[in-house]
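Chemist: this one's structure only:
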């Protein structure tokens, strides 16, 4: 047993002329949530499919739970649970029957599966719907049932491939709570997502990928610090005094950008900057309608790193590499 649940080195995957992965390095420590963050087509699903033994890499190597994903796929599959982008449940079976089916696939004892199913149904708040066909479930209920199914065998490592895709905000928050509870109980999670707030909320470590390559790695705060820390944003009542306001704030920071009556500038020093800004603007008789200090978000980070938003799916610039939807095979 090593301290790392997942280790990938130089993963490459080609689908003909399309380069889905171009040398991914990834490490997930045991008991940690690592967010694999990127837009559609970045290579997130391809990475998960290789780590879960559903695809073989063109080059590179990976170990999951200490087992090589190519040479020891059976051992890897015994250690992991997998939830894909779409709920993999049989809509004609009841919730309870779906869990029983997964238990049979793992060759678990009927008694264990019965007890484990009851436990999971209660945990995921599906007990009342347990004996209804899954086709009567809402989208959020199906996702919870799918996640419950991946936990029947109590895997130590869980791969969640965009688990909240298509869910409403309430269902998404509920699933975040479930994932947090799993981690508290010792489960290791690799979470792929294009929702930046999801990675910010759940992941202790974030790997940002784009066009099949890692472009940044660190905690959410470390990634935010890469693009300059805090920003002071000021709206002045009189647009004609924007220049005066920028001059008044010159002692606080530089690099101010103005758009109509709003000024934005990178600063350091924390909340004391607000006090200094108020004093400087008041001294010049400049009336302010809004004043705030904003930490950069992961949206800002991704835009700064890639030049496009995380959920953007515009074609890649011509680089000699193909571009494909994430998950193409």
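Modeler: Received it, and whenever you're ready, just let me know what you need. Only a predicted model underlies this, so the values are computations on that prediction, with no experimental measurement involved.

Chemist: residues contacting residue 103?
Modeler: 110, 112, 113, 116, 117, 152, 153 (CB atoms under 8 Å, 6 or more residues apart in numbering). Yep, even glycine has a C-beta here, placed from its N, CA and C like the rest.

Chemist: please identify the helix or strand for the fifth one.
Modeler: When you say that, I think you mean residue 117. helix 110-123 (DSSP states H and E).

Chemist: tell me the mean pLDDT for that helix?
Modeler: For helix 110-123, mean pLDDT rounds to 95.

Chemist: so residue 162 sits against residue 199, correct?
Modeler: No - Residue 162 is beyond contact range of residue 199, at 11.3 Å (criterion: CB atoms under 8 Å).

Chemist: if I take whichever helix or strand residue 100 is part of and helix 110-123, what angle do their directions form?
Modeler: Applying DSSP H and E as the criterion places residue 100 in helix 95-105. Helix 95-105 and helix 110-123 are oriented at 140 degrees to each other (axes from the mean of the first three to the mean of the last three CA atoms, to 10 degrees).

Chemist: now helix 95-105: buried residues?
Modeler: 95, 96, 97, 98, 99, 100, 102, 103 (16 or more other CB atoms under 10 Å).

Chemist: same check, this time on stretch 168-177
Modeler: Applying 16+ other CB under 10 Å to stretch 168-177 flags 171, 172, 174, 175, 176 as buried.

Chemist: quick one: average pLDDT of it?
Modeler: 84.

Chemist: contact partners of it?
Modeler: Outside of stretch 168-177, the residues within contact range by CB under 8 Å, 6+ apart are 138-140, 143-144, 147, 163-164, 167, 195, 198, 201-202.

Chemist: and with 6 Å instead?
Modeler: Residues from elsewhere that reach stretch 168-177 (CB atoms under 6 Å, 6 or more residues apart in numbering): 140, 164, 201.

Chemist: who wins on neighbours among the residues you listed?
Modeler: Within the contacts of stretch 168-177, residue 164 tops the neighbour count with 22 neighbours, counted by other CB atoms under 10 Å.

Chemist: quick check, it in a helix?
Modeler: No - Residue 164: not assigned to a helix; according to DSSP: H, G, I helix; E, B strand; the rest coil it is coil.

Chemist: name the element the nearest residue to it once chain neighbours are set aside belongs to?
Modeler: Sequence neighbours aside, residue 172 is the residue nearest to residue 164 in space, at 4.4 Å (criterion: CB to CB, 6 or more residues apart in numbering). Assigned by DSSP H and E, residue 172 belongs to helix 169-184.

Chemist: tilt between that helix and helix 110-123?
Modeler: Put simply, helix 169-184 runs at 130 degrees to helix 110-123, going by the same axes, to 10 degrees.

Chemist: tell me where the model's unsure across the stretch 201-329 of the chain.
Modeler: Applying pLDDT under 70 to the stretch 201-329 of the chain picks out residues 228, 307-329.

Chemist: again, but for the stretch 1-150 of the chain
Modeler: Where the stretch 1-150 of the chain drops to pLDDT under 70, the residues are 1-2.

Chemist: run the last query once more with 90
Modeler: For the stretch 1-150 of the chain, applying pLDDT under 90 flags the ranges 1-3, 37-42, 83-88, 106, 123-124, 139-140, 143.

Chemist: quick one: the helices in the stretch 1-150 of the chain, in order.
Modeler: 44-51, 73-79, 95-105, 110-123, 139-150 (DSSP state H, counting those that start in this stretch).

Chemist: could you find the closest non-adjacent residue to residue 265?
Modeler: Nearest one to residue 265, counting by CB to CB, 6+ apart, is residue 256 at 3.9 Å.
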